[in-house]
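Trainee: no sequence on this one, just coordinates:
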């Protein structure tokens, strides 16, 4: 597609519920990143894929967070047993491999109530 | 560890006035530096980047930034602000290595008065 697509745009989850956030990168982009942006803060790195390989997951805040990209294209960020502190905008970005050549999606706003 | 400081949380300028947004970084080597803009409900758009070479970098929408190693700064400037520039601005430093991940500052919200 023309840009990075994220769905849903908004998600309200009850505390303890599991959620799955989807990212469709630009076609052909080998690199994919997830960032978490809390209210009033800058984005913070969560994890990075090169094709289907998850090369860096150092930013995932707990073992409740899990990301996958099984076919090297679409990626899913899953959060189990959501907590209020998980409320944030989750941004996905993809890159063709050009150094820092990111294109960001519009994000998914997750609200945990 | 890398870090980025944007000391101004909120700035208000009049349309047509000049703008300077401050950014200071902490990084052990020569940094890769970026400015992004985020409009409400939107993703991040790259304004400009500095990798090496000329320390004055030109970007999109009439923005420029100057890398000053002695001050560990990378301030964003625009000579004449337009109402459509109202948004959140983020400075970021890039990590070297395979991941090419970014560390962002906390952002500066720009308000433009008519």
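Mentor: Looks like it arrived, so ask away. Worth saying up front: this structure is predicted, and the values here are computed from it rather than measured.

Trainee: which residues in chain A form strands?
Mentor: Ranges of strands in chain A, per DSSP state E, are A:5-7, A:10-13, A:19-24, A:31-37, A:44-50, A:53-56, A:65-68, A:75-79, A:88-95, A:103-104, A:108-112.

Trainee: chain B: which of those is closest?
Mentor: Chain B lies closest to strand A:103-104 among the strands of chain A, at 3.5 Å (C-beta to the nearest C-beta). To be clear about C-beta, it is placed using only N, CA and C from the backbone, and glycine gets the same treatment.

Trainee: and that closest one, which strands flank it?
Mentor: Here strand A:103-104 has these sheet partners by DSSP bridges: strand A:88-95 (antiparallel).

Trainee: quick one: average pLDDT of the partner strand?
Mentor: For strand A:88-95, the mean pLDDT works out to 96.

Trainee: list the contacts of residue B:58.
Mentor: B:48, B:64 (C-beta atoms under 8 Å, 6 or more residues apart in numbering or on different chains).

Trainee: near chain B, which residues of chain A show up?
Mentor: A:4, A:31, A:33, A:40-45, A:48, A:50, A:55-56, A:59, A:91, A:93, A:95, A:99-100, A:102, A:104-107 (C-beta under 8 Å from any C-beta of the partner chain).

Trainee: what do you get if the cut-off is 7 Å, keeping everything else the same?
Mentor: Residues of chain A found near chain B (C-beta under 7 Å from any C-beta of the partner chain) are A:33, A:41-43, A:45, A:48, A:55-56, A:91, A:99-100, A:104-107.

Trainee: run a quick neighbour tally on residue B:79.
Mentor: By other C-beta atoms under 10 Å in any protein chain shown, 11 other residues sit near residue B:79.

Trainee: check the gap between it and chain A for me.
Mentor: Distance, residue B:79 to chain A, using C-beta to the nearest C-beta, to the nearest Å: 26 Å.

Trainee: kindly report the same for residue B:112.
Mentor: Look at residue B:112 and chain A: by C-beta to the nearest C-beta, they are 20 Å apart.

Trainee: and that residue, bridged to which residues?
Mentor: The partner residues for residue B:112, given DSSP bridges, come to residue B:13.

Trainee: can you report how many residues neighbour it?
Mentor: The tally of other residues near residue B:112 (other C-beta under 10 Å) stands at 19.
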